[in-house]
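Participant: Next comes the sequence, and after it the predicted model I'd like to discuss.
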2 protein chains.
Amino acid sequence: MHTLRPALLTDHYELTMVSAALRDGTAHRRCVFEVFSRRLPTGRRYGVVAGTTRLIDLIREFRFEPADIDFLRRTGVVDEQGADWLADYRFTGDIDGYAEGELFFPGSPILTVSGSFAECVVLETLVLSVLNHDCAVAAAAARMVTAARGRALIEMGSRRAHEEAAVAAARAAYLAGFRFTSNLAAGQRYGIPTAGTAAHAFTLLHDDERAAFASQVATLGTETTLLVDTYDISQGIRTAIEVAGPKLRAVRIDSGDLAVIAQQSRQLLDSLGATETKIIVSGDLDEYAIAALAAEPVDSYGAGTAVVTGSGAPTAGLVYKLVEVEGRPVVKRSEHKGTIGGRKVAVRRHKPTGTAVEEVVVPQGVPDHRPNDRLLQRSYVADGDPMALPTLDESREHLRQCLISIPWEGLKLSAGDPAIPVTVVPAQ
Amino acid sequence: MHTLRPALLTDHYELTMVSAALRDGTAHRRCVFEVFSRRLPTGRRYGVVAGTTRLIDLIREFRFEPADIDFLRRTGVVDEQGADWLADYRFTGDIDGYAEGELFFPGSPILTVSGSFAECVVLETLVLSVLNHDCAVAAAAARMVTAARGRALIEMGSRRAHEEAAVAAARAAYLAGFRFTSNLAAGQRYGIPTAGTAAHAFTLLHDDERAAFASQVATLGTETTLLVDTYDISQGIRTAIEVAGPKLRAVRIDSGDLAVIAQQSRQLLDSLGATETKIIVSGDLDEYAIAALAAEPVDSYGAGTAVVTGSGAPTAGLVYKLVEVEGRPVVKRSEHKGTIGGRKVAVRRHKPTGTAVEEVVVPQGVPDHRPNDRLLQRSYVADGDPMALPTLDESREHLRQCLISIPWEGLKLSAGDPAIPVTVVPAQ
């Protein structure tokens, strides 16, 4: 059993750079690194900040253990001076950034890490791994929540993702408004409500469907969901209601033309007196399939593959760029990857009605203050000390409010431009 | 710091099914579960088995700790009988499957898990998480290796994947024939050679490019790779050779029209006497971009996003299905997800020349033996005891041999049918 030690979840070159910079004295130069995206996935109208709290917890544990340092010395990744520095490593700088659940757009400075070059650069890989994954899942999940129009969503994609990524994906989906996850570790670590009832295997295990339903109801009561599509769906529903009675909480359908079957199932349930029994559908649902079921009598959606893989955009395209050295803006030349130098401050501007109109980013200064401005950055770590962080439920509510604030076109599932522009303006 | 305990990396319903099956006595029925894919990602010609060894190591640690059981009791996932059973859980059954590095096709039974219903069903989520992730990465990586035609590939996608998924992705890419990874944890855990030199930030940190190159060479020697595209590439190459001399190992170019720039860079290096200095290119390379550079003077490719996200197919579509209960084949009815009941045995048939011609899968029996047949399944766990496993390098060599054995059309990057058919035949 190995322990999750974050320090080696790091690219080789971060540490060779540290070694070289320690030798030449530049390791201690004061630097500012910034996390931002150059573009959203094609056609997406917003990104969702997710994973920052998880990241800060990992940075708190970011230490090089003797076994790690032995490995790095043995393989020649660091020299003796580098090894000594790593042994004492503890991040002592500042981290500021957008709140979890905040929206972002191309150019939004969602995280700013400042300190010595060496202490900041070693965090690059971890920062990007966490944010690129969690933001990708949260953005896809948020679109599914919009498509579901208030109906409950259950995240059930663990089996389609790396086993630890699955836990982070469950967290990101919940942040985005999903109501439940099937992932038990996500329940244990983050307090997310878990849900789930039975697979087709459970029905096949039994002598017949009736025996399987009777067993499930005997153990879990009628507040359960019976999976009715192992054999014939209509017969499955009849058997479910015969066994559980009309107070059965829900049936789940995982196959077939869900629009047609949901209607037929609702009629059948009603005719059996099970008017309160809910219909849960699942089976390769993405935001478009969910939207297409809006008019059908569906109560909840189970989403798996699409949500944990970011529905076509499995990584958020965030980069971690050096923007300032010893107070001086820096920028590399390759134009198609152009970045703007200098530490930035960001505000979102709103109409008096509360609708967001633009995001203003000011390098090396502060924006002029206008009514209905909202400052987007907060302190996560100051002089190496982590600040108190919002709860996951608070971040979830923050995203809900943010999505209410953007222009209505921003919530369309169809391809389009970012919901609001990001304007870079010189300081006043 | 939390420990990687695999038992709760599990879907809620696996444990509610166990609770119900324990109550009704079916939990102890002898069952066979099978892992297979119904189809390959669109246009792909083969799948690659990856992750099995990693999975077996996790199953070895699959235990429910008191804190896990408290959580499951408190949240009502299991009842008292279920909790007692989980406390004693240890997998005592058999696991057989394809070797890591083996190819697979739709219907190939790549893993077979047999034992009591309860002990097998609780492994479902973990089995699928590991295999769906690792197989997805390995399949994409194998296509890149083919496209690279013997040139070295460096996996550098950690920052585009969940931090732990990144380590597994590095392992899968190496299995598929990548030569290096940037991920240090993959080096530490799996002995994979790590590589990497410097980022643009290292150049920007310094007063000028020359100072950055001089620092890197002072620490790492001339057996290093200088990143020459922070400012002007031609000037960068001149400076690199001035600083390091014509024995510099390599330059890396991460932007621009790589085909044109590789040619210009080669000419410039040669004109400077650096005829042995290698050119490494990177920047959003996938198998198609790599193939397009085949005629250019490129020595190595760095691949990131595309490899760790499965190049358009981030999950392998593997399912874990109950196929046999107490020796009797079982199958659910929903036709578009039709499975074939019964434990299966698989062989791959070859021409006398060694070229694979078909895979034959026999439910509930053994295939007739023909010359040049190769049995595809091996024992991973017998009566709960893990067998000795091949090393990662052995699995890597196995895949290399398998890719040589398939018909040449199977290696084309263009969309097509599976390289060989899988035929299901009754036992002789």
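Facilitator: Cool, the structure landed. Numbers count the residues shown, from 1 in each chain, chains lettered A, B, ... in the order given.

Participant: that's a strand at A:Ala346, yeah?
Facilitator: Yes: A:Ala346 sits within a strand when classified using DSSP: H, G, I helix; E, B strand; the rest coil.

Participant: What's opposite it in the beta bridge?
Facilitator: In this structure, A:Ala346 bridges to A:Val361 when assessed by DSSP bridges.

Participant: And for A:Tyr301?
Facilitator: Checking A:Tyr301 by DSSP bridges, which sets the bridge assignment, gives partners A:Leu153, A:Val281.

Participant: need the contact list for it.
Facilitator: Residues counted as contacts of A:Tyr301 (Cβ atoms under 8 Å, 6 or more residues apart in numbering or on different chains) are A:144, A:148, A:151-154, A:280-282, A:285, A:290, A:293. Quick note: C-beta positions are derived from backbone N, CA and C, even for glycine.

Participant: what do you get if the cut-off is 7 Å, keeping everything else the same?
Facilitator: Neighbour list for A:Tyr301: A:148, A:151, A:153, A:281, A:285, A:290 [criterion: Cβ atoms under 7 Å, 6 or more residues apart in numbering or on different chains].

Participant: how many other residues sit next to the fifth one?
Facilitator: Around A:Leu285 sit 24 other residues, with neighbours defined as other Cβ atoms under 10 Å in any protein chain shown.

Participant: Same check on the second one?
Facilitator: A:Arg151 is surrounded by 17 other residues when neighbours are defined as other Cβ under 10 Å.

Participant: if we can go back for a sec, closest to chain B among the contacts of A:Tyr301?
Facilitator: For these, the residue nearest chain B by Cβ to the nearest Cβ is A:Val281; the value is 13.4 Å.

Participant: That closest one touches A:Pro297, doesn't it?
Facilitator: No: applying Cβ atoms under 7 Å, one finds A:Val281 not in contact with A:Pro297, separated by 10.2 Å.

Participant: shared neighbours, those two?
Facilitator: Counting by Cβ under 7 Å, 6+ apart, the common neighbours of A:Val281 and A:Pro297 are A:Ala262.

Participant: Compare these two and say which is more crowded by neighbours.
Facilitator: A:Val281 (26 against 16).

Participant: residue contacts, the more buried one?
Facilitator: If you count contacts by Cβ under 7 Å, 6+ apart, then A:Val281 has A:253, A:258, A:262, A:293, A:298, A:301 around it.

Participant: repeat that for 8 Å
Facilitator: For A:Val281, the contact set (Cβ under 8 Å, 6+ apart) comprises A:252-254, A:258, A:262, A:293, A:298, A:300-302.

Participant: Are any of those residues buried, and if so which?
Facilitator: Listed as buried from the contacts of A:Val281 are A:252-254, A:258, A:262, A:293, A:298, A:300-302; burial here means 16 or more other Cβ atoms under 10 Å in any protein chain shown.

Participant: Just the closest of those residues to A:Gly317, please.
Facilitator: A:Tyr301 (26.9 Å; Cβ to Cβ).

Participant: any idea how far chain B is from that closest one?
Facilitator: A:Tyr301 sits 16 Å away from chain B when distances are taken as Cβ to the nearest Cβ, to the nearest Å.

Participant: again with A:Arg252
Facilitator: Counting by Cβ to the nearest Cβ, the separation of A:Arg252 from chain B is 10 Å.

Participant: Straight-line length of stretch A:155-171, end to end?
Facilitator: For stretch A:155-171, the first-to-last residue distance is 10 Å (Cα to Cα, to the nearest Å).

Participant: Ok, stretch A:98-107 next?
Facilitator: For stretch A:98-107, the first-to-last residue distance is 13 Å (Cα to Cα).

Participant: Check whether A:Asp134 really touches A:Leu58, as I assumed.
Facilitator: No: applying Cβ atoms under 8 Å as the test, A:Asp134 and A:Leu58 come out as separate, 11.6 Å apart.

Participant: neighbour-wise, which of the two wins?
Facilitator: Counting neighbours by other Cβ under 10 Å for A:Asp134 and for A:Leu58 shows that A:Asp134 has the greater number, 28 against 22.

Participant: For that one, what is the enclosing helix or strand?
Facilitator: Counting by DSSP states H and E, the element that carries A:Asp134 is helix A:124-148.

Participant: What is the burial count for A:Glu276?
Facilitator: As a burial measure, the neighbour count of A:Glu276 was computed by other Cβ under 10 Å and equals 12.

Participant: Just the contacts of A:Val281: which are in strands?
Facilitator: A:252-253, A:300-302 (DSSP state E).

Participant: could I get those as a markdown table with pLDDT?
Facilitator: As requested, the ones in strands among the contacts of A:Val281 are exported to a markdown table (pLDDT from 0 to 100):
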| residue | pLDDT |
| --- | --- |
| A:Arg252 | 97 |
| A:Ile253 | 96 |
| A:Ser300 | 98 |
| A:Tyr301 | 98 |
| A:Gly302 | 98 |
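
Participant: Redo these as a markdown table? Include distance to B:Leu175.
Facilitator: Supplementary listing: the ones in strands among the contacts of A:Val281 in a markdown table, determined by distance: Cβ to Cβ, whole Å:
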| residue | distance to B:Leu175 |
| --- | --- |
| A:Arg252 | 37 |
| A:Ile253 | 38 |
| A:Ser300 | 39 |
| A:Tyr301 | 36 |
| A:Gly302 | 32 |
